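>>> have a look at this prediction, sequence included:
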Amino acid sequence: MGERVVRRARAADRDAFVALRAAMFEAMGVADVEGERWREAAAAWFDATWDSPDIALFVAEVGGEVVASAMATLRRVVPSPGAAGGRQVLVHNVCTLPHARGHGHAQAVFDALMVWVREESGAEGAELFATGQGRGMYERVGFREVTFPAMRLSLGER
């Protein structure tokens, strides 16, 4: 495959970011992965926020192709016993393109991301939503299942 380079994302990675989100949603069994509306909105979001100090997006590049990503978004929350300073991180968009899976790319970008989470984000905790495939990687660095599951309400088209 070639040598892997793990780095922070840059503006030119927008289309790869959207493709990796699509691959992630497909792996999760999300409907309407091919929809254009969400892809255009994701591209616009990336253009507006990729260089924010509250967002860390790492990619793995092999042979000039971005093949994996891992991202964290700093969230300001109401202070709580687990986050007295009100700073938590949501880890998301950990994905590898299907043709590049099985080579450790997701692990490499996730490891780089976790350095940012632990050393640079200023967060007091982190959470994520795991697929069965990724669960072991997250557990190895200390993520644990919590008692209260996530619940969602779709508010439809806006």
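Structure received. Just so it is clear, the model here is predicted, and its values are computed rather than measured.

>>> which parts of the chain are helices?
14-28, 36-49, 105-119, 135-140 (DSSP state H).

>>> out of these, which gets nearest to Gly82?
Counting by C-beta to C-beta, Gly82 lies closest to helix 105-119 out of the helices of the chain; the figure is 15.0 Å. Placement of C-beta: from N, CA and C, glycine included.

>>> just the residues contacting the closest one, thanks.
4, 6, 56, 58-60, 62, 67-72, 89, 91, 94-96, 123, 126, 134, 137, 141 (C-beta atoms under 8 Å, 6 or more residues apart in numbering).

>>> could you do stretch 121-130 as well?
With C-beta under 8 Å, 6+ apart as the test, stretch 121-130 has contacts from 56, 72, 74, 82-85, 87-92, 94, 117, 138, 143, 146, 150.

>>> can you give me how far it is from the chain middle?
The chain centre lies 11 Å from the centre of stretch 121-130; the measure is C-alpha atoms, centre = their mean, to the nearest Å.

>>> so what's Arg7 up against?
Phe58, Val59, Glu61.

>>> what packs against the lengthiest strand in the chain?
Ordering each strand of the chain by length in residues (DSSP state E) puts strand 65-76 first. The helices and strands touching strand 65-76, judged by 3 or more C-beta pairs under 8 Å, 6 or more residues apart in numbering; DSSP states H and E, are helix 14-28, strand 55-62, strand 87-96, helix 105-119.

>>> separation between Gln88 and Phe25?
23 Å (C-beta to C-beta, to the nearest Å).

>>> hang on, I meant Asp111
For Asp111, the distance to Phe25 (C-beta to C-beta) stands at 23 Å.

>>> again, but for Ala56
Counting by C-beta to C-beta, the gap from Ala56 to Phe25 is 21 Å.

>>> in terms of neighbours, single out the busier of the two.
Taking neighbours as other C-beta atoms under 10 Å, Ala56 and Phe25 compare with Ala56 leading, 23 against 17.
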